[in-house]
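Novice: Quick one, structure for this:
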Amino acid sequence: MKRLAIVAGGALAIATAAIPLTASVAQPSSNTAAASRTAIFTVENMTCALCPVTVKKAMEGVKGVKSVRIDFDAKTATVVFDPSTATITAIAAASTNAGYPASVKNRSP
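Specialist: Down below sits the predicted model:
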């Protein structure tokens, strides 16, 4: 029975890997847009279908993070966040603490 659950979970993970991991975000108002920043992180150790899910959840867990989009092939995470609440250091640390060291590749002004 446990083996069946493990196989089913693995199959589900592989199936969801084909689905883009982007969250739908409503159009922000001009006030919100001005308060948002975007940073692209290089993420290490992503080797399987569950890795992007773990990284996404870890980064989304940081207060002030509005959206996270993972590109498994490029090994990057694009994060939109409120700089008055979240910091690049905190976002990178969340991923690193989940086992996937992250560093800033690019950020918006």
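Novice: can you give me the helices in this structure?
Specialist: Applying DSSP state H to the chain gives helices spanning 2-17, 30-35, 51-60, 88-97.
Novice: and those helices, which one's lowest on average pLDDT?
Specialist: Looking at the helices of the chain, the lowest mean pLDDT belongs to helix 2-17 (a mean of 49).
Novice: Now do residue 65 against residue 49, distance only.
Specialist: Distance of residue 65 to residue 49, computed by C-beta to C-beta, to the nearest Å: 22 Å. Just so you know, the C-beta spots here come from the backbone N, C-alpha and C atoms, and that holds for glycine as well.
Novice: er, residue 43 I mean
Specialist: 15 Å.
Novice: Among the two, which residue is more densely surrounded?
Specialist: Using other C-beta atoms under 10 Å as the criterion, residue 43 and residue 49 rank with residue 43 on top: 26 against 17.
Novice: Now do the contacts for the more buried one.
Specialist: Counting by C-beta atoms under 8 Å, 6 or more residues apart in numbering, residue 43 touches 55, 70, 75-77, 95, 100-102.
Novice: 10 Å instead?
Specialist: Counting by C-beta atoms under 10 Å, 6 or more residues apart in numbering, residue 43 makes contact with 51-52, 55, 59, 70-72, 74-77, 92, 95-96, 98, 100-103, 105.
Novice: Quick check: buried residues in stretch 73-90?
Specialist: Within stretch 73-90, the residues scored as buried using 16 or more other C-beta atoms under 10 Å are 75-81, 86, 88, 90.
Novice: actually stretch 58-68, not the one I wrote
Specialist: Result for stretch 58-68 [16+ other C-beta under 10 Å]: buried residues 58-59, 62, 64-68.
Novice: Equivalent analysis for stretch 92-109, please.
Specialist: For stretch 92-109, the neighbour count (16+ other C-beta under 10 Å) marks 92, 94-96, 98, 100, 102 as buried.
Novice: now the residues you listed as CSV including distance to residue 35?
Specialist: Formatted as CSV, those follow (distance: C-beta to C-beta, whole Å):
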residue, distance to residue 35
92, 20
94, 20
95, 23
96, 25
98, 26
100, 27
102, 22
